[in-house]
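Undergrad: okay, here's the prediction I keep looking at, along with the sequence it came from:
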Amino acid sequence: MPTPTSADTGSSGLPELIRTIAALREHCPWMGALTHESLVEYLIEEAYEVVESIEAGAVDDELRGELGDVLLQVVLHARLAEERGSFDFDAVARSITAKMVRRNQHVFKADGSLQESFPASVEEIIVKWDAAKRAEKPEREDPFEGIPPHLPALAAAQKSLDRAVRAGLEVDAQGALAAVGLPVIPASEEALGELLLAVVAGAREQGLDAERALRSAVRTFQTNQAQPS
């Protein structure tokens with residue numbers, strides 16, 4: 001039997017969750033001692049567990065549980081902010097809603113109502129999205145600004161390359177491969193994964209830290225691309 005939804009029951013689980021967390025913060029010594037800083041490790045862990053569930057093809061019940069664990073982290077951080085008089089969960093929700101409307105001008109008008117027509121291609125959407133982001137922060141000239149410094153090196157490399165291409169900077173992947181004597185990139189993710197694992201294995205045998213090496217290369221790439229030609 002399928003699990004009843006809020007539409008079926010006429011209720012919303014979010015207010016109840018918010019009340020539950022407020023009660024736990026007041027009456028549970030362990031929960032009451034939590035801080036933004038102490039929650040960081042749990043936020044990262046729960047996010048990775050969602051990724052693992054998705055990539056493993058988890059059934060809906062498992063994925064729902066993992067998403068609930070991530071939502072718990074958001075509610076907790078919002079509750080901590082509310083207790084010091086800064087903002088609450090409603091402000092978080094309103095802020096991200098306004099941001100989605102503002103950045104998706106291909107779907108929404110400024111007042112949040114729908115546009116009369118919508119773009120036909122992903123490329124057009126990306127152009128409009130980037131234009132909206134630039135309008136928010138016209139002073140931002142560095143295309144790599146805002147990339148979290150603590151991203152894993154591979155994720156940082158992927159995002160940096162994406163930002164460079166979208167900013168119209170030249171990225172010569174084949175030339176870079178030839179310069180370091182590496183083979184052509186495989187056509188499948190499975191083969192690519194094997195190549196990356198082999199590179200890490202070779203680095204390990206030589207006493208090199210692949211994560212640190214790639215992180216350094218990403219920083220160099222960002223610095224070189226940001227410099228005027």
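TA: All right, it came through fine. Residues are numbered from 1 along each chain as shown.
Undergrad: since we're on residue 221, how many residues are nearby?
TA: 19 (other CB atoms under 10 Å). C-beta: built from backbone N, CA, C; applies to glycine.
Undergrad: count of residues packed around the residue nearest to it when sequence neighbours are not counted?
TA: Once its chain neighbours are removed from consideration, residue 221 has its nearest residue in residue 160; the separation is 6.2 Å (CB to CB, 6 or more residues apart in numbering). If you count neighbours by other CB under 10 Å, residue 160 ends up with 21.
Undergrad: so residue 160 is in which element?
TA: helix 153-166 (DSSP states H and E).
Undergrad: flag every buried residue along that helix.
TA: Neighbour-count burial for helix 153-166 flags 153, 156, 157, 159, 160, 161, 163, 164 (criterion: 16 or more other CB atoms under 10 Å).
Undergrad: possible to save the residues you listed as JSON lines with pLDDT?
TA: Written out in JSON lines, the entries for those read as follows (pLDDT from 0 to 100):
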{"residue": "153", "pLDDT": "93"}
{"residue": "156", "pLDDT": "93"}
{"residue": "157", "pLDDT": "93"}
{"residue": "159", "pLDDT": "92"}
{"residue": "160", "pLDDT": "92"}
{"residue": "161", "pLDDT": "91"}
{"residue": "163", "pLDDT": "87"}
{"residue": "164", "pLDDT": "88"}
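Undergrad: so what's residue 24 closest to, chain neighbours aside?
TA: Spatially, and ignoring its direct neighbours in sequence, residue 24 is nearest to residue 31 (4.2 Å; CB to CB, 6+ apart).
Undergrad: cool, and residue 100?
TA: Take residue 100 and drop its neighbours on the chain: the residue closest to it by CB to CB, 6+ apart is residue 108, 7.8 Å away.
Undergrad: residue ranges in this protein under the pLDDT threshold?
TA: When residues are selected by pLDDT under 70, those of the chain lie in 1-11, 183, 226-229.
Undergrad: now with 50?
TA: Low-confidence segments of the chain, defined by pLDDT under 50: 1, 7, 9-10.
Undergrad: quick check: domain ranges of it?
TA: Taking automatic domain parsing as the reference, the chain has its domains at 12-101, 104-136, 153-226.
Undergrad: looking at the ones you listed, which is nearest to residue 142?
TA: Taking CB to CB as the criterion, domain 153-226 is the member of those that comes nearest to residue 142, at 5.5 Å.
Undergrad: which ones are touching residue 209?
TA: Contacts for residue 209 were tallied using CB atoms under 8 Å, 6 or more residues apart in numbering; they are residue 203.
Undergrad: tell me, how many residues neighbour residue 110?
TA: As a burial measure, residue 110 scores 8 neighbours (other CB under 10 Å).
Undergrad: which of the residues in stretch 116-130 are buried?
TA: Of the residues in stretch 116-130, those scored as buried under the neighbour-count criterion (16+ other CB under 10 Å) are 125, 128.
Undergrad: if we can go back for a sec, look up how far residue 18 lies from the residue nearest to residue 24.
TA: Going from residue 31 to residue 18 by CB to CB, to the nearest Å gives 14 Å.
Undergrad: looking at the two, which has the bigger crowd around it?
TA: Neighbours were tallied for residue 31 and for residue 18 using other CB under 10 Å; the higher tally belongs to residue 18 (17 against 14).
Undergrad: which stretch of helix or strand covers that one?
TA: Secondary structure from DSSP H and E places residue 18 in helix 13-27.
Undergrad: name the residues that touch the lengthiest helix in the chain?
TA: Of all the segments assigned as helix in the chain under DSSP state H, the longest by residue count is helix 60-83. Contacts of helix 60-83 from elsewhere in the structure, counted by CB under 8 Å, 6+ apart, are 17-18, 21-22, 25, 34-36, 39, 42-43, 46-47, 49-50, 53-54, 58, 87-89, 91-92.
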